[in-house]
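Peer 1: based on what follows, work out the 3D shape:
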Amino acid sequence: MELDHVEAFLAIARSGGFARGSAVLHLSQPATSRRIQLLEAELGAPLFDRLGRGVTLTEAGRAFLPHAQAILASMQDGIDAVNAVRGIGHGTVTLALVGTLASSSLTARLSRLRHQYPGLDLRLRTALSAEVSALVLRGDAALGLRYGTDPDPDLVSVIIHQERLVPVCPPEHPLAAGGTDLAAALAGQRWLAFASRPVDSLTAQKRMAEAGFGLAILPESSLDEELRTGTLCAIDAPDLTATIPVALIRRRNAFQTGAARALTAALTDWPYKPGTSAPSNSPAPAPEPAQAGEPSPARTGEIFDP
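Peer 2: A predicted model of the protein is given here:
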């Protein structure tokens with residue numbers, strides 16, 4: 001079985017079409033189609049159902065998918081093992097992370113790592129938490145940073161940081177000025193949350209809070225711009241202070257290169273904020289969120305799946 005045939009299969013499966021898969025591979029569409037034809041002939045079953053301009057996996061394709069992912073992940077492990085001979089400060093390492101985590105605190109740590117190891121090629125990919133796990137599982141990223149641990153047995157999840165959640169309101173809201181009876185001011189307030197957890201739910205909550213549809217409790221790293229420009233104000237409410245765990249994940253059986261070990265060391269040294277709990281490998285419970293715009297008592301954790 002040719003490795004480039006497997007790569008073509010995965011590119012099409014991930015992109016949902018031969019044209020898009022060919023673009024990812026930098027190949028012509030006939031060349032990609034030929035690779036799939038040869039792979040299907042070798043396996044003795046069609047892997048895709050052609051539906052107009054797109055494709056879906058057949059039953060055989062779905063059965064083959066995890067094994068194809070494992071093949072490429074194993075090959076990447078082999079490449080990493082060879083690169084590891086060069087030592088801890090050399091080689092390429094890819095980190096997948098939730099975009100809101102790329103705050104000044106994290107980027108400063110990554111910048112110090114690059115200066116400490118000039119021979120290290122650090123590459124970043126941003127995604128939602130579930131997508132971060134998927135990138136790590138299929139070997140497209142050596143390490144991942146996501147909100148909360150992942151229960152997948154093929155992943156190792158370690159909580160390395162607790163990010164503060166900040167209650168916010170628009171600048172014209174009475175709570176923005178502070179100095180009020182907080183319990184009375186919070187009575188009957190609307191809190192924004194999303195039951196369906198769409199891709200843009202974090203951005204949507206900020207925009208809706210700015211427009212006065214309700215209050216929100218959001219990760220501190222996601223609020224830099226809004227707090228700086230004054231479109232949102234932090235509510236002085238110590239009783240609403242909470243944190244959300246940030247987990248570092250890796251494939252359980254993946255070979256850890258020197259570059260990956262250096263990155264792991266830099267990330268696991270990420271300090272906790274004063275007053276937060278000690279590291280834990282147990283994910284935080286997720287309360288059921290209220291619908292956006294509906295009154296809800298002040299509770300922590302019911303925000304989003306970033």
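Peer 1: going by C-alpha atoms from here, please, whenever you check contacts or count neighbours.
Peer 2: Will do.
Peer 1: so where's the longest helix in this structure?
Peer 2: Using DSSP state H to define each element, the chain has its longest helix at helix 59-83.
Peer 1: and the nearest residue to D77 once chain neighbours are set aside, how close does it get to R34?
Peer 2: Nearest residue to D77, sequence neighbours excluded (C-alpha to C-alpha, 6 or more residues apart in numbering): F255, at 5.4 Å. Look at F255 and R34: by C-alpha to C-alpha, to the nearest Å, they are 33 Å apart.
Peer 1: centre of the chain to stretch 116-129, how far?
Peer 2: Taking C-alpha atoms, centre = their mean, to the nearest Å, one finds stretch 116-129 lying 14 Å from the centre of the chain it belongs to.
Peer 1: may I see the buried residues of it?
Peer 2: G119, L120, L122, T126, A127, L128, S129 (16 or more other C-alpha atoms under 10 Å).
Peer 1: related to what we said a few turns ago, the more surrounded of F255 and R34?
Peer 2: When F255 and R34 are compared for neighbours, F255 comes out ahead with 18 against 13, by other C-alpha atoms under 10 Å.
Peer 1: quick one: that one and M75 touch, right?
Peer 2: No. Assessed by C-alpha atoms under 8 Å, F255 is found out of contact with M75, at 10.6 Å.
Peer 1: overlap of the contact sets of these two?
Peer 2: Residues touching both F255 and M75 (C-alpha atoms under 8 Å, 6 or more residues apart in numbering): none.
Peer 1: got phi/psi on G230?
Peer 2: When read as degrees, to the nearest 10, the backbone of G230 gives phi 80, psi 10.
Peer 1: ok, it - contacts?
Peer 2: G230 touches P171, counting by C-alpha under 8 Å, 6+ apart.
Peer 1: roughly how far does it sit from F9?
Peer 2: With distances taken as C-alpha to C-alpha, G230 is found 48 Å from F9.
Peer 1: next, the buried residues of stretch 39-52.
Peer 2: L39, E40, P46, L47, F48.
Peer 1: so the last one touches G54, yeah?
Peer 2: Just to be clear, that refers to F48. No. Using C-alpha under 8 Å, F48 makes no contact with G54, being 9.7 Å away.
Peer 1: helices and strands around the helix or strand harbouring V24, which ones?
Peer 2: Element membership of V24, judged by DSSP states H and E, is helix 18-25. Judged by 3 or more C-alpha pairs under 8 Å, 6 or more residues apart in numbering; DSSP states H and E, the packing partners of helix 18-25 are helix 3-15, helix 29-43.
Peer 1: ok, residues contacting the first one?
Peer 2: With C-alpha under 8 Å, 6+ apart as the test, helix 3-15 has contacts from 18, 20-22, 24-25, 32, 35-36, 38-39, 55-57, 65, 68-69, 72.
Peer 1: out of those residues, which are buried?
Peer 2: Listed as buried from the contacts of helix 3-15 are 18, 20-22, 25, 32, 35-36, 39, 55-57, 65, 68-69, 72; burial here means 16+ other C-alpha under 10 Å.
Peer 1: where is pLDDT lowest across those residues?
Peer 2: The weakest per-residue confidence within these falls on L72 (84).
Peer 1: which residues touch that residue?
Peer 2: For L72, the contacting residues are L3, V6, E7, R138, G139, by C-alpha under 8 Å, 6+ apart.
Peer 1: how about G179?
Peer 2: No contacts exist for G179 under C-alpha under 8 Å, 6+ apart.
Peer 1: and it, helix, strand or coil?
Peer 2: On the three-state scheme (DSSP: H, G, I helix; E, B strand; the rest coil), G179 is labelled coil.
Peer 1: which helices and strands does the longest strand along the chain pack with?
Peer 2: Secondary structure of the chain per DSSP state E: the longest strand is strand 155-169. For strand 155-169, the packing partners by 3+ C-alpha pairs under 8 Å, 6+ apart come out as helix 201-210, strand 216-219, strand 233-234, strand 242-251, helix 258-268.
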